[in-house]
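Colleague: Could you work out the structure for the sequence below:
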Amino acid sequence: MKININMKIRIFLLFVSAVVLFACDSAKNNINQEISKLETEVEEQATAQSVSNLFAKYEQFVKEYPDDAEMGGRYMYRSAGLAYRAGNYQKAASYLERGINDFPKSSITPGSRVLLGSLYDENLNQPDKAKTLFQYVVDNHPDHEGADRARLFFKPEDVKLQTLIGQQEEILRDENNNIKPRIAADLYGKYAAYAERFPDDKTNAPNYLFKSGELLSYMNNPAAAAKSYEKILSDHKDSKVVPDTRLLLAGIYDDHLNKSEDALEQAKIFISENSGHPDLDKAKYYLKPEDERLNTRITELEAGLSPEGSAKIDLAVAGKLIRKYETYVKKYPKGNNAANYLYKAGEVARSTNNARKAVELLERVYSEYRKYDKAPQALFLAGFIYENDLRDLDKAKEIYESFMKEYPQHELAKSVEFSLANLGKPADEIIKSFEGKE
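Modeller: Numbers count the residues shown, from 1 in each chain. Below you'll find the model as predicted:
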């Protein structure tokens, strides 16, 4: 059977089209697989490079396959999620706007409208834009899972804030009960906004201020936490949270802000107003002499420096411990523990890779407590850190020479002499010199 020329051409064109379509599908699948791999990498352990690569892959897909409305919209939504997690709300909003405008038929687009409305409402202070987006969702997607969030926008402001706060409190902690930093920051903002806008709410306002103090303490901002607690005591004196507020504030004054007199004042008020309170002994702790309190707190922090069963150092505890050591030395420079605490502070600083702080503290041991039995070790260790951690060979040489002049007979003198002789030499050169001697 003969096939005419037109039929041959049509068959050839169909074949070419099939090949092209297969090649396109293969290339698209490759990008999708790369995206999936990067998404897993970012989810498990995000780095600046992996996040940047993922953004680039999303952009590549949208650029090369603009007709794929479904995935284009989804990848713009996911790009917004990455930007949101990084706290870049404006960038997140721009991705959502692109997804809505360029891929309106994507099944994710209603969700993009809800998320964009939430960004405008909660983070970017653009309520008019939020209203337009939420109204569209209510009118056109009333059964969408995000429609409740859209309808919430139109409720009274206090009800809306309370609802949003409750929702974020539910997701504040991960499966290991650890607080999520980004959620904590957003939640603190809502707590503060509610207390500022509705100060006459004598139940929720002080409670939210109290919770703000707890979150700020977690975020290692004791000064701001103290302000939240102080606001409760000034604006909500009859609140049920006042007793606990006084105790927590006393702890911040004493433990972080070096305001021992203010801590004592809060403790005295607590004792006078809460004679039968179960935490009375905690308040009485602040009535003890300050040096005794400092020694007690230092002992507690030293015990918690390394979590049980772990060789790692808790950096937050280390920072508090160094501050307590320094506070003791500042207030009791002639105290029995002053020199030892200063030396320990230097050791803790170096163990947390804070070399500058370490040499500052160790040099103070030598200059301020020359008669302390570990003053020579402090001087040697300072020189060692300058040489090996800070690579400041001139300063290391200066300290080593001071050591040899001050302690020529010390057991560390041979180590210092060796360090001086080999200062700045590469390790292989030092090894060769040993081999030559052998």
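Colleague: Below-threshold pLDDT in the chain: ranges please.
Modeller: 1-24, 309-310, 427-438 (pLDDT under 70).
Colleague: okay, now the domains of it?
Modeller: The record's domain parsing of the chain by automatic domain parsing lists 5-142, 293-437.
Colleague: Could I get these in a markdown table, plus columns for mean neighbour count and distance to residue 245?
Modeller: (Each C-beta comes from the backbone N, C-alpha and C, glycine too.) Below are the domains of the chain laid out as a markdown table (neighbours: other Cβ atoms under 10 Å; distance: least, Cβ to Cβ, whole Å):
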| stretch | mean neighbour count | distance to residue 245 |
| --- | --- | --- |
| domain 5-142 | 16 | 27 |
| domain 293-437 | 16 | 20 |
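Colleague: between those domains, which gets nearest to residue 220?
Modeller: domain 293-437 (6.6 Å; Cβ to Cβ).
Colleague: Mind putting the domains of the chain into TSV with distance to residue 257?
Modeller: Shown next, in TSV, are the domains of the chain (distance: least, Cβ to Cβ, whole Å):
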stretch	distance to residue 257
domain 5-142	27
domain 293-437	10
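Colleague: Show me the one of the ones you listed that comes nearest residue 199.
Modeller: Residue 199 lies closest to domain 5-142 among the domains of the chain, at 20.3 Å (Cβ to Cβ).
Colleague: how far does the closest one sit from the chain's center?
Modeller: Here domain 5-142 is found 29 Å from its chain centre; the criterion is Cα atoms, centre = their mean, to the nearest Å.
Colleague: quick thing: my sequence starts at 15, can you match it?
Modeller: Understood, numbering begins at 15; the last thing we discussed is domain 19-156.
Colleague: Correct me if wrong: residue 76 contacts residue 89.
Modeller: Yes: counting by Cβ atoms under 8 Å, residue 76 touches residue 89, with 6.1 Å between them.
Colleague: who touches residue 71 in this structure?
Modeller: 45, 48-49, 52 (Cβ atoms under 8 Å, 6 or more residues apart in numbering).
Colleague: Let me know the distance separating the nearest residue to it once chain neighbours are set aside from residue 67.
Modeller: Distances taken as Cβ to Cβ, 6 or more residues apart in numbering place residue 49 nearest to residue 71, at 4.9 Å, with adjacent residues excluded. To residue 67, residue 49 is 10 Å away according to Cβ to Cβ, to the nearest Å.
Colleague: what residues does stretch 383-391 touch?
Modeller: Contacts of stretch 383-391 (Cβ under 8 Å, 6+ apart): 352-354, 356-357, 379-380, 392, 417, 420-421, 424, 426.
Colleague: Now render those residues as TSV, adding distance to residue 297 and secondary structure.
Modeller: Converted to TSV, these look like this (distance: Cβ to Cβ, whole Å; DSSP: H, G, I helix; E, B strand; the rest coil):
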residue	distance to residue 297	secondary structure
352	28	helix
353	33	helix
354	30	helix
356	31	helix
357	33	helix
379	36	helix
380	41	helix
392	39	helix
417	49	helix
420	49	helix
421	49	coil
424	49	coil
426	48	coil
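Colleague: From the residues you listed, pick the one nearest residue 237.
Modeller: residue 356 (25.1 Å).
Colleague: isn't that closest one right next to residue 378, touching?
Modeller: Yes: if you go by Cβ under 8 Å, residue 356 and residue 378 touch, sitting 5.8 Å apart.
Colleague: Show me the residue at the heart of this protein, geometrically.
Modeller: residue 195 (5.9 Å; Cα atoms, centre = their mean).
Colleague: Please give me every residue in contact with residue 307.
Modeller: Residue 307 touches 268, 274, 299-300, counting by Cβ under 8 Å, 6+ apart.
Colleague: Out of those, which is nearest to residue 203?
Modeller: The closest of the contacts of residue 307, once distances to residue 203 are taken by Cβ to Cβ, is residue 268, at 28.2 Å.
Colleague: From residue 202, how far out is the residue nearest to the centre of the chain?
Modeller: 11 Å.
Colleague: Could you tell me which residues touch both of these two?
Modeller: Common neighbours of residue 195 and residue 202, using Cβ under 8 Å, 6+ apart, are residue 233.
Colleague: Give me the three-state assignment for residue 348.
Modeller: Here residue 348 is coil, with the state taken from DSSP: H, G, I helix; E, B strand; the rest coil.
Colleague: ok, residue 261 to residue 300 distance?
Modeller: 9 Å.
Colleague: Now for those two: what residues contact both?
Modeller: 280-281.
Colleague: dump the residue contacts of residue 380.
Modeller: Taking Cβ under 8 Å, 6+ apart, one finds 389, 392-393, 396 in contact with residue 380.
Colleague: mind redoing it with 7 Å?
Modeller: 389, 392-393 (Cβ atoms under 7 Å, 6 or more residues apart in numbering).
Colleague: how much space between the closest residue to it other than its chain neighbours and residue 432?
Modeller: The shortest distance from residue 380 to any non-neighbouring residue, by Cβ to Cβ, 6+ apart, is to residue 393 (4.5 Å). Separation of residue 393 from residue 432 (Cβ to Cβ) stands at 16 Å.
Colleague: cool, and residue 132?
Modeller: For residue 132 relative to residue 432 (Cβ to Cβ), the value is 64 Å.
Colleague: Check residue 400 too.
Modeller: 16 Å.
Colleague: buried residues in the helix or strand harbouring residue 230?
Modeller: Using DSSP states H and E, residue 230 falls within helix 218-232. By neighbour count on 16 or more other Cβ atoms under 10 Å, the buried set for helix 218-232 is 218-231.
Colleague: wait, which of these is closest to residue 185?
Modeller: residue 229 (14.0 Å).
Colleague: Quick one: residues contacting that closest one.
Modeller: Residue 229 neighbours (Cβ under 7 Å, 6+ apart): 198, 201-202.
Colleague: Let's have the residues you listed in a markdown table, adding secondary structure.
Modeller: Output for these, formatted as a markdown table (three-state DSSP):
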| residue | secondary structure |
| --- | --- |
| 198 | helix |
| 201 | helix |
| 202 | helix |
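Colleague: I'd like the residues you listed as TSV, with neighbour count and distance to residue 83 appended.
Modeller: Below are the contacts of residue 229 laid out as TSV (neighbours: other Cβ atoms under 10 Å; distance: Cβ to Cβ, whole Å):
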residue	neighbour count	distance to residue 83
198	18	36
201	23	35
202	23	38
